[in-house]
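Peer 1: need a structure here:
(one chain, ligands or ions: 2)
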Amino acid sequence: MKNWSLIIILAIIFSACNFENKSHLESPVIPRTNGMYPMPSSFDITEKTVILLGSNDTQMTRLANKLKSQIDSICGFDIKVQDVADAEGLRNVILLSFKNDMKRIGNGGYHMEVDKDKVVIQGKDFNGVFNGVMTLSQIILLDQIKEEDAKVEVPNIQVWDQPRFEYRGMHLDVCRHYFPVSFIKKYLDVMALYKMNYFHWHLTEDQAWRIEIKAYPELTEIGAWRTEANGEKYGGFYTQEQVKEVVAYARELNITVIPEIEMPGHARAALAAYPELSCTGKQLEVPHTWGVFEDVFCSGNEETFKFYETVLDEVMDLFPAEYLHVGADECPKTRWEECPKCQKRIKEEGLNDEHELQSYFVSRMEKYLNKNGKKLIGWDEILEGGLAPDATVMSWRGMQGGIDAARQEHDVIMTPTDYCYFDYYQAEPEFEPKAIGGFLPLSKVYAFNPLPKELNEEQQSYILGGQGNVWTEYMETEEYVEYMLLPRMLALSEALWSREKNKNFDDFNERLQTHKKLLTKLGYNFSNGSYQIRVETKFDTATNENKLTFTSEQYEPEIRFIEDASMILDSGEVFNKAFSPQASGVITAGIFEDGKLMRNATQIKYEKHLGLGQDIKLLKKPNHKYGGETNAGLLDGILGSDNHKDGKWSGFKGKDLVAEIDFTEPKDLKSLRFSYIQHQGAWIMPPKAVSVYGRTEGQAYELIYEGDLKDLLNIKKPNQSEVFVELNKTQLVALKIHVENYKKLPSSHTYAGNECWLFVDELILE
Ligand code: ACM
Ligand code: ZN
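Peer 2: Ligands and ions are numbered 1, 2, ... in the order given. The predicted model follows:
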């Protein structure tokens, strides 16, 4: 027996290895499962199919009925749901059950096995069974995309699966723009389909208070409405009955709804209704513009606390979630600095400053929530002035807040702007005039890893997961929210669910193509993403060639050279492999679909020179946003564009560029050239001086050139220019280049004394 089980285990491992790269061939499920292995036969869903319940608890019964409805509506059947105890002699069954002793599976995980007669889904807990049913649901829907007929085939697979993170959230701001309950449900539906399990409902803001509070009716009578710049009244709110309806709907989808009730800032709508709770008491309107406002709740006034406690009493009754989000981000301290009541509070409580006053506020609310059996979540500003004792931190201004909180043994939800802000644009800006902030294409969301390397394993255990945020300042319609949400949420779902080692963007992108059809069929709008062409370079030391590859996050893009590409290929030729330009020049390329150029063509400026692919060491690292990850960008032949954020420029903040280049063989060098940016408005200064040292075999470094570049400062308007240095040296084996940064903004600058930038794109050696 023992030997047989060993053979079986080996067979499983072998098939797993074989399978690793092509799970999508069996079923293109998103998020990718931990392991999907082939089985001998598939399963047909017919009108005789019966869903069997291995446990008759009410949650399981509701889940089974939900699956039944889905199958019935797709196939036009009326299949049965019944207890497994009455299953004697039945064939063609879908069994849902608990199994406590699955060694490979943790909470939320499940095992699904398909054969000719049955589909068996087993979870350790309800979450697990639910997730398994979601996988089956998706498989059924995807099968219908492939072949629309009454017959639904579940492919021959076995799945072992469990989430990487327990918290997989999506946020929605319903304050900047209001969305009806019907849309909230549609939003929840697509979340559940992709195993997102927390809905962060941002219900109060400067521009609106959207949840009915019976004790303070004016919060919605006044606070839910604003007058737009054109004079129109805009608004809406959710009655408590509607809130209950949403919470109940989410529960059926196994989604926990976390309400956010902002305090003490981002609260102008509440203060428009109850101005006596602000520091000044002045009557202000509900604003219709975006931003951060100085009028916030008065922290010195006991009535403020009474207000929030009463509000939270009602909110806690409506939301069964253990968490409640209190916002606490972006609260200016200006009013508190001048308010006698706030100052009195600071004195009486022995606080050091207004940051500690905010901390006092949040801690006091936390105590109230804890007393009522709830836990507090706040944005990472709650770290300032000291964390409330048990607070969970939602880290949005990068990952640092989350890192600091985890080090203090606090739970963390990672939602850094760079990876998780779905109000950032995802396609070329000219096609997304309403998007704001930075560039967050699909591939970048996919690369999100909520576990920072800076934390050890123990500290990492405080990271509960991550969340995508949808701030709706510039999202007026449901269609546009869907467009900004999708398909980026699918990438996030895989980033939060699937194991890091199983993630592969190309594989995801291939599966995504079927999901786009599914989303269309389900009535969702989505973005086709970025058509930006990315250039990757790789120096081939064997052939001494600098190889360029053009890629894009589009699936199998048709990239063609448009003009001036004679040094590489004939114009119009499809580009699909690495190439090595034989001369310097400008390469213009674009992505085509059905013979049409999509978006604008991309221009790449290329310099073929003697430094390409040589070993370069930077003694001071560029900023992580501008070339910091690799040094190679200074010797890859690719020049920067007008935009210093294009990824081709290396940016040094407050430090010099000091590079040591070792040549693979001795070089005769006539000159060094490099471009720099001068844009004092963006704190970018020209280089101050340059020196170059060279070394021949067996010799020490010798100074070759030293030059002052102060004259460059006379050119005041933003510009890009080149520095030329004559070298005229032969047989150099190494070069050291020192480009001096001014380090501080000059006294003539509005922000004099702050660290300034130095930007260089390529060290061109000829
Ligand atoms: C935030 O984006 N202000 C949390
Ligand atoms: Zn005050």
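Peer 1: now what about stretch 355-367, what contacts it?
Peer 2: 263-264, 299, 305, 308, 312, 326, 328, 331, 333, 336, 342, 345-346, 349, 351, 376, 378, 381-382, 384-391 (CB atoms under 8 Å, 6 or more residues apart in numbering). Bear in mind the C-beta positions are built from the backbone N, C-alpha and C, glycine included.
Peer 1: those strands in the stretch 51-200 of the chain, which residues are they?
Peer 2: 80-83, 93-98, 110-114, 118-123, 152-154, 157-161, 167-173, 198-202 (DSSP state E, counting those that start in this stretch).
Peer 1: quick one: which of those strands is nearest Glu593?
Peer 2: strand 167-173 (29.9 Å; CB to CB).
Peer 1: Now do that closest one and strand 198-202, the angle between them.
Peer 2: 20 degrees (axes from the mean of the first three to the mean of the last three CA atoms, to 10 degrees).
Peer 1: Show me what the mean pLDDT comes to for strand 167-173.
Peer 2: The average pLDDT within strand 167-173 is 98.
Peer 1: List the neighbouring strands of it plus their orientation.
Peer 2: Paired with strand 167-173 in the same sheet, following DSSP bridges, are strand 198-202 (parallel), strand 463-468 (parallel).
Peer 1: Among the contacts of stretch 355-367, which lie within helices?
Peer 2: With DSSP state H as the criterion, helices contain Phe305, Tyr308, Leu312, Trp336, Cys342, Arg345, Ile346 from among the contacts of stretch 355-367.
Peer 1: secondary structure class for the nearest residue to the last one once chain neighbours are set aside?
Peer 2: Residue nearest to Ile346 in three dimensions, not counting chain neighbours: Leu357, with 5.5 Å by CB to CB, 6 or more residues apart in numbering. At Leu357, secondary structure determined by DSSP: H, G, I helix; E, B strand; the rest coil is helix.
Peer 1: Okay, Leu357 and Gly386: tell me how far apart.
Peer 2: As judged by CB to CB, to the nearest Å, Leu357 and Gly386 stand 11 Å apart.
Peer 1: cool, and Ala405?
Peer 2: Taken as CB to CB, the span from Ala405 to Gly386 is 12 Å.
Peer 1: what's the least confident stretch among the strands of the stretch 51-200 of the chain?
Peer 2: Within these, confidence is poorest for strand 152-154, with a mean of 90 (mean pLDDT).
Peer 1: Can you list the strands that it pairs with?
Peer 2: strand 43-45 (antiparallel).
Peer 1: which outside residues touch the partner strand?
Peer 2: 71, 75, 92, 94, 114-119, 140, 151-154, 156.
Peer 1: show me where the stretch 201-350 of the chain has helices.
Peer 2: For the stretch 201-350 of the chain, applying DSSP state H, counting those that start in this stretch gives helices covering 218-221, 240-252, 268-273, 302-318, 334-338, 340-348.
Peer 1: tell me the contacts of the closest residue to ligand 2 within the stretch 401-550 of the chain?
Peer 2: Nearest to ligand 2 in the stretch 401-550 of the chain, going by CB to the ion, is Gly401, at a distance of 25.9 Å. Counting by CB under 8 Å, 6+ apart, Gly401 touches Asp380, Leu383, Val393, Ser395.
Peer 1: For Ile704, see how far away the closest residue to it other than its chain neighbours is.
Peer 2: Sequence neighbours aside, Asp380 is the residue nearest to Gly401 in space, at 2.8 Å (criterion: CB to CB, 6+ apart). Distance from Asp380 to Ile704, counting by CB to CB: 49 Å.
Peer 1: more neighbours, the two?
Peer 2: When neighbours are counted by other CB atoms under 10 Å, Asp380 comes out ahead of the other of Asp380 and Ile704, with 24 against 21.
Peer 1: and of the helices of the stretch 201-350 of the chain, who's closest to ligand 2?
Peer 2: Of all the helices of the stretch 201-350 of the chain, helix 340-348 comes closest under CB to the ion, at 3.5 Å.
Peer 1: Is there proximity between that closest one and ligand 2?
Peer 2: Yes - contact of helix 340-348 with ligand 2 (CB under 5 Å from the ion) involves Lys341, Cys342.
Peer 1: Now do that helix: everything it contacts.
Peer 2: Residues contacting helix 340-348 (CB under 8 Å, 6+ apart): 279, 298-301, 335-337, 351, 353-354, 356-357, 360.
Peer 1: Give me the angle between that helix and helix 302-318.
Peer 2: Here the directions of helix 340-348 and helix 302-318 differ by 90 degrees (the same axes, to 10 degrees).
Peer 1: any idea how far helix 340-348 is from the chain center?
Peer 2: 40 Å (CA atoms, centre = their mean, to the nearest Å).
Peer 1: Show me what counts as buried in that helix.
Peer 2: Buried positions in helix 340-348, judged by neighbour count with 16 or more other CB atoms under 10 Å: Cys342, Arg345, Ile346.
Peer 1: Ok, stretch 500-509 next?
Peer 2: In stretch 500-509, counting by 16+ other CB under 10 Å, buried: Asn502, Lys503, Asn504, Phe505, Asp507, Phe508, Asn509.
Peer 1: The last one: what secondary structure?
Peer 2: Secondary structure, three-state DSSP: Asn509 is helix.
Peer 1: so who does the residue lying closest to it once chain neighbours are set aside touch?
Peer 2: Among residues not flanking Asn509 along the chain, Tyr555 sits closest, at 4.9 Å (CB to CB, 6+ apart). Contact analysis of Tyr555 by CB under 8 Å, 6+ apart lists Asn509, Glu510, Leu512, Gln513.
Peer 1: and the third one, that's in a helix?
Peer 2: Yes - using three-state DSSP, the assignment for Leu512 is a helix.
Peer 1: wait, it sits on Pro487?
Peer 2: Yes - the pair Leu512 / Pro487 is scored as a contact, 5.9 Å apart, by CB atoms under 8 Å.
Peer 1: circling back to that earlier point, farthest-apart pair in the ones in helices among the contacts of stretch 355-367, please.
Peer 2: Leu312 and Ile346 (24.0 Å).
Peer 1: how much space between the closest residue to Ser55 other than its chain neighbours and ligand 2?
Peer 2: Distances taken as CB to CB, 6+ apart put Phe98 closest to Ser55, at 5.5 Å, once the chain neighbours are dropped. For Phe98, the distance to ligand 2 (CB to the ion, to the nearest Å) stands at 54 Å.
Peer 1: one step back: quick check, nearest of the buried residues of stretch 500-509 to Gln720?
Peer 2: Of the buried residues of stretch 500-509, the one sitting nearest to Gln720 (CB to CB) turns out to be Phe505, at 32.3 Å.
Peer 1: what's the closest one in contact with, if anything?
Peer 2: Ser443, Tyr446, Ala447, Glu553.
Peer 1: Counting neighbours, which of those residues comes out on top?
Peer 2: Counting by other CB under 10 Å, top hit in the contacts of Phe505: Tyr446 with 23 neighbours.
Peer 1: so that one makes contact with Phe508?
Peer 2: Yes - the pair Tyr446 / Phe508 is scored as a contact, 6.1 Å apart, by CB under 8 Å.
Peer 1: intersection of neighbour lists for the two?
Peer 2: Joint contacts of Tyr446 and Phe508 (CB under 8 Å, 6+ apart) are Ala491, Glu494.
Peer 1: Out of the helices and strands in the protein, which is least certain?
Peer 2: Scoring the helices and strands of the chain by mean pLDDT, DSSP states H and E places helix 2-19 at the bottom, with a mean of 43.
Peer 1: Identify the residue spatially nearest to Lys625, adjacent ones excluded.
Peer 2: Gly651 (7.1 Å).
Peer 1: Next, give phi and psi for that neighbour.
Peer 2: Per-residue torsions, Gly651: phi -110, psi 130 (degrees, to the nearest 10).
Peer 1: Is it correct that it is in contact with His624?
Peer 2: No - between Gly651 and His624 there is no contact under CB under 8 Å: 9.7 Å.
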